[in-house]
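Colleague: Pasted the sequence and its predicted model underneath.
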Amino acid sequence: MAVGVGGEILPETLERMIEACDTVFVDIQALIRVFDEIDGTVRLVDLRESGFFHLLPRIGFLKASGEEVSAMDIEEVRKLCCVVVTNGKHGCTVYWKDGEVQVGPFPTNQVDPTGAGDSFLGGFAAGLVQGLAVPDAALLGNFFGSLTVGQIGVPKFDSRLLQRVKDEVQRRKMQCNYGCHERRDDELKFVKLAGFDQFHASLAAAKVLPTSPVQEHGIRPQFTGHTRLLATSVFEETNYTVETKP
C-alpha cells in the first residue's frame, strides 16, 4: 500500500513496491501533492507530470478524493488501472475500463475528517484480501471511513464491533461463493453481486448496536495510565452476553 501526505514516495520506490507485491494500492495524494518550500502551501500537480504516470498500468487500485480527481483525466486513467473516487457523505465510485459502479455511504455525524481516506483504503484493501468483490470491498471501506469521521483524532474501533464486521464479511463470502460458483472470477470482480444491499444493511446495523457491557449500562471505564495488552487478536477476544432488565 503506497500512502503518503505528499512527496514521501518516489517513482523508483513505487516501482520496487510493484515488483515485490502481487497488488499495490496507491493513494494519489502521495503522488500529486507538492508543498511550497517558502510558505508551505499545498498544490496539486497533474498526474501526467508527476513522474508516476508510466507506472499506472502496473498498479492494482488508485484512490483519489473528489477534489484530487481534478488532477487527472479519469477517462484516460481508468483504462490503465482501477480508480476509486471517494465522495464523502455520498460514498464512492469505482471506475474501470469497462464500466463504473456507485457504492453508497453510511450515515454518520462528521466531527473530524482527518484520516477518513486512510481508513477507507484500509477497509477496502482488507475486503479484497478477504476475497470480497470490489463493490463489497469498497462498501467496507466506506464503513470504516464513516467510523473515522465520527471521532476526533486517532480513531478507536471497539473489538466487539470488529468481530461483528468480521462475521458479516465471512457470511458475505459464503453467500457469494455459494451463489456465484458457475461464473468466472473476472466477471464477478467489479459487479454488485446478489445480496449487496443486504450486506450494506447488515454493516449499518452492526455500526449502531451497543459495543460493550459498560456502554450498555452507561458506566464509563476508568483508566489508570497503564496499557492493557491483549494476548490474542481483537477478533479472538472473548464475547460476553449482557442481560438487561426491562
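Modeller: Ah, there it is. Numbers count the residues shown, from 1 in each chain.
Colleague: Contacts only, for residue 93.
Modeller: By Cβ atoms under 8 Å, 6 or more residues apart in numbering, the contact list for residue 93 reads 84-85, 87, 100-103. Just so you know, the C-beta spots here come from the backbone N, C-alpha and C atoms, and that holds for glycine as well.
Colleague: Kindly recompute the last result at 6 Å.
Modeller: Taking Cβ atoms under 6 Å, 6 or more residues apart in numbering as the criterion, residue 93 is in contact with 85, 100, 102.
Colleague: In a markdown table, list those residues along with distance to residue 9, secondary structure and pLDDT.
Modeller: Output for those, formatted as a markdown table (distance: Cβ to Cβ, whole Å; DSSP: H, G, I helix; E, B strand; the rest coil; pLDDT from 0 to 100):
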| residue | distance to residue 9 | secondary structure | pLDDT |
| --- | --- | --- | --- |
| 85 | 20 | strand | 97 |
| 100 | 27 | strand | 95 |
| 102 | 29 | strand | 97 |
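Colleague: can you give me the strands for this structure?
Modeller: 25-27, 33-35, 42-44, 61-65, 82-86, 92-96, 99-103 (DSSP state E).
Colleague: Just want the angle from the fifth one to strand 99-103.
Modeller: Using axes from the mean of the first three to the mean of the last three Cα atoms, to 10 degrees, the inter-axis angle of strand 82-86 relative to strand 99-103 is 30 degrees.
Colleague: Strand 82-86 vs strand 92-96, what angle?
Modeller: Using the same axes, to 10 degrees: strand 82-86 against strand 92-96 is 160 degrees.
Colleague: and the longest helix seen in the chain, which residues are buried?
Modeller: Among the segments of the chain that qualify as a helix by DSSP state H, the longest is helix 159-179. By neighbour count on 16 or more other Cβ atoms under 10 Å, the buried set for helix 159-179 is 159-166, 168-169, 172-173, 176.
Colleague: Which secondary structure elements does that helix sit against?
Modeller: Packing contacts for helix 159-179, counted by 3 or more Cβ pairs under 6 Å, 6 or more residues apart in numbering; DSSP states H and E, involve helix 196-208.
Colleague: low-confidence ranges in the chain?
Modeller: Applying pLDDT under 70 to the chain picks out residues 179-188, 210-246.
Colleague: quick one, helices of it?
Modeller: 11-20, 29-32, 74-77, 116-129, 134-149, 159-179, 185-188, 196-208, 213-216.
Colleague: CSV for those helices, including distance to residue 2?
Modeller: As requested, the helices of the chain are exported to CSV (distance: least, Cβ to Cβ, whole Å):
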stretch, distance to residue 2
helix 11-20, 6
helix 29-32, 6
helix 74-77, 16
helix 116-129, 10
helix 134-149, 16
helix 159-179, 24
helix 185-188, 24
helix 196-208, 27
helix 213-216, 37
